[in-house]
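# Requesting a structural model of the entry that follows:
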Amino acid sequence: GIQVYHTADPAHPEQACRKVIDLTAGSGKDQAEKENEDENKRIYYVALTRSRLKLYVPYYPASRNYSWCGPICRFVSHSIRQMFPKAAEPPAPGSGWHHVGLHAAGAWGTQPIRDESGKEPLRLLPERLLPVQTDFRHRKISLESFSSIGHRMVQSGDTVGRAAAFRLIDAGRREDDEPASVIPRESMDPNLSDELPGGTLMGSMFHHIFEHIDFQTVVDGPADILADGGARLVIESALALFRIEPRWAPTVARMVAATLSMPIDANGPSLLLGRLGPDHRRHEMEFYFPLVAPIPKQIRVPGCTLSGDPCGEMVIRGFIDVVFLWQGRYYIADWKSNRLEDGYGQSAMAEEIARAGYDLQYQLYTIATLRWLKRCLGDRFEPHHHFGGAFYLFIRGMGTGGQNGIFHVTPDRLLPLEFLEHAIQKKIAGLQ
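Alright, predicted model coming up:
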């Protein structure tokens, strides 16, 4: 190809170097490669000297000069191999070397303790131990969120005579939590929780509050959690951040307190979310879900528009609101601030979950969670024993009586994992 390099003018050595662009590629190849290598070394040096707390140096030796190999595989790995001749050998414990994909498995070397049933109780895993990709050559990936896929899966009747919903500009910006419509301002009463405005910002605000508020303060502190300085700061800051009027602070506080203080029936002693310590829950668990089995042409998803290359690789990115450990079992929890016109009983919530496509959402969340746990814990993790299902918590209905606002998707509806994975691939693979 074209060679670009710099050279000094022999007639005027005191002047700066000139840039040479050789369109014939007939000369300067060695000089161009040397300059490119020197620039990569300069950039890498800058990266190495900017670490603040901890520095990881990658070692990816390439046995052949593949075209996709970058500077990390060339001069960096070559230099490491010269300094550490045994770098290619399996890392010894405590040596400071980490093998990609294996460092998570070694963190659980303690002697297991089994409960009365003979099963080994599990503790919540450290953050960011999701399985890692070890082959970075395949970069042609389409990235989708659950929200974007959900907006494409519109009802068949709604698609007749008009464009698909996912083509609307506004639809592409909405979250899956609730519709963007709101109650007219003149009808709002700050003393009624279900009169709270709707919309994407309101849903995001609740997610922010539950992620940052001190759960224990909510259940053990004053009845009005706004009387606690820390809780008040979290709520008022969230209102300001998401541009919600401050007059709704008391209503929001009551809803948050009701959600975290309400006893939840989880096939045993009543669960109080507010009693879950920080070491027993993880908020905003990120995952990437690869679709590896595109929908065959003869299989159609009612009400969906399929576009793009159905054989291309696609990855769905998502965030699970909460994964928590309680009574030896892992659970998924998702906050929903949707307003349901027919109340928050089981039938009304089931209809909303089916209408909004949340069944697809909790299936994806379950697969991601089970894969994560299985990857990190190996054979110690048994889904039928250690997984308790998914809770959809409709915030507006919690605390209004009974189990209103709590929709529990039990494990028997989600397991075994292989069946669920197959069902998901048939539903959404190929949507681009």
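# Could I get the pLDDT score of residue 61?
In this model, residue 61 is scored at 76, pLDDT.
# what's the answer for the one 5 residues further on, then?
The confidence metric pLDDT takes the value 65 at residue 66.
# swap in the one 4 residues further on?
At residue 70 the predicted local distance difference test score is 76.
# distance of it from residue 277?
Here residue 70 is placed at a distance of 44 Å from residue 277 (C-beta to C-beta, to the nearest Å). Placement of C-beta: from N, CA and C, glycine included.
# try residue 230
The value you get for residue 230 to residue 277, if C-beta to C-beta is used, is 16 Å.
# ok, now residue 35?
According to C-beta to C-beta, residue 35 stands 56 Å off from residue 277.
# now residue 340
Taken as C-beta to C-beta, the span from residue 340 to residue 277 is 31 Å.
# Mind checking which of these two has more residues around it?
The neighbour comparison of residue 340 against residue 277 (other C-beta atoms under 10 Å) goes to residue 340, with 18 against 11.
# Enumerate every residue touching that one.
348-349, 352, 394, 396-397 (C-beta atoms under 8 Å, 6 or more residues apart in numbering).
# and it, which of the three is it?
coil (DSSP: H, G, I helix; E, B strand; the rest coil).
# pLDDT wise, what is it at?
So residue 340 comes in at 92 (pLDDT).
# quick one on the thing from earlier: export the contacts of residue 340 to a markdown table and append columns for pLDDT and neighbour count.
Supplementary listing: those in a markdown table, determined by pLDDT from 0 to 100; neighbours: other C-beta atoms under 10 Å:
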| residue | pLDDT | neighbour count |
| --- | --- | --- |
| 348 | 95 | 17 |
| 349 | 96 | 25 |
| 352 | 93 | 21 |
| 394 | 96 | 26 |
| 396 | 94 | 25 |
| 397 | 94 | 28 |
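# now, which of those residues lie within strands?
Mapping these onto strands (DSSP state E) picks out residue 394.
# now, which of the contacts of residue 340 lie within helices?
Those of these mapping onto helices are 348-349, 352, per DSSP state H.
# In terms of distance to residue 281, which of those residues ranks first?
residue 349 (22.5 Å; C-beta to C-beta).
# I figured the closest one hits residue 394, correct?
Yes. The pair residue 349 / residue 394 is scored as a contact, 6.0 Å apart, by C-beta atoms under 8 Å.
# and residue 392, that one's in a strand?
Yes. Counting by three-state DSSP, residue 392 is found in a strand.
# Quick check: bridge partners of it?
Beta-bridge partners recorded for residue 392 (DSSP bridges): residue 334, residue 407.
# Quick one: residues contacting it.
Counted by C-beta under 8 Å, 6+ apart, residue 392 has contacts 334, 336, 349, 353, 358, 362, 406-407, 409.
# do residue 417 as well
Contacts of residue 417 by C-beta under 8 Å, 6+ apart are 366-367, 370-371, 374, 383.
# can we see that at 6 Å?
Neighbour list for residue 417: residue 370 [criterion: C-beta atoms under 6 Å, 6 or more residues apart in numbering].
# just the helices in the stretch 251-400 of the chain please.
346-356, 358-377, 383-386 (DSSP state H, counting those that start in this stretch).
# helices or strands up against the shortest one?
When you say that, I think you mean helix 383-386. If contacts are counted by 3 or more C-beta pairs under 6 Å, 6 or more residues apart in numbering; DSSP states H and E, helix 383-386 sits against no helix or strand.
# could you give the mean pLDDT of that helix?
90.
# Any buried residues in it, and which?
383, 386 (16 or more other C-beta atoms under 10 Å).
# circling back: make JSON lines from the contacts of residue 340 and add distance to residue 44 to it.
Shown next, in JSON lines, are the contacts of residue 340 (distance: C-beta to C-beta, whole Å):
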{"residue": "348", "distance to residue 44": "58"}
{"residue": "349", "distance to residue 44": "54"}
{"residue": "352", "distance to residue 44": "52"}
{"residue": "394", "distance to residue 44": "51"}
{"residue": "396", "distance to residue 44": "53"}
{"residue": "397", "distance to residue 44": "55"}
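# and which of the contacts of residue 340 is nearest residue 286?
Closest to residue 286, out of all of these and judged by C-beta to C-beta, is residue 394, at 23.7 Å.
# residues touching that closest one, list them.
Each residue near residue 394 by C-beta under 6 Å, 6+ apart is listed here: 336, 344, 405.
# Quick check: PyMOL command selecting the buried ones in those residues.
In PyMOL, a selection of the buried entries from those looks like this (16+ other C-beta under 10 Å):
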select buried, resi 336+344+405
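# Among the contacts of residue 394, name the ones in strands.
residue 336.
# how far away is the nearest residue to residue 409 once chain neighbours are set aside from residue 350?
Leaving out its chain neighbours, the residue that sits closest to residue 409 by C-beta to C-beta, 6 or more residues apart in numbering is residue 390, at 4.4 Å. Relative to residue 350, residue 390 is positioned 13 Å away (criterion: C-beta to C-beta).
# quick one: which of those two has more around it?
Neighbours were counted for residue 390 and for residue 350 using other C-beta under 10 Å; residue 390 has more, 25 against 14.
# what about residue 427, neighbour count?
Residues within reach of residue 427, counting by other C-beta under 10 Å, total 20.
# And the strands in this structure, which stretches?
Using DSSP E, the strands of the chain run over residues 3-7, 18-22, 141-145, 281-291, 313-326, 329-336, 387-394, 406-409.
# Could you point out which of these sits nearest residue 56?
Each of the strands of the chain has some distance to residue 56 by C-beta to C-beta; the shortest is strand 281-291, at 19.8 Å.
# who does the closest one pair up with?
strand 313-326 (antiparallel).
# Any buried residues in the partner strand, and which?
So strand 313-326, judged by 16+ other C-beta under 10 Å, has buried residues 314, 316, 318, 320-326.
# same thing with stretch 3-23?
Across stretch 3-23, burial judged by 16+ other C-beta under 10 Å covers 3, 5, 22.
# And the last one, how close does it get to residue 374?
Taking C-beta to C-beta as the measure, residue 22 falls 55 Å from residue 374.
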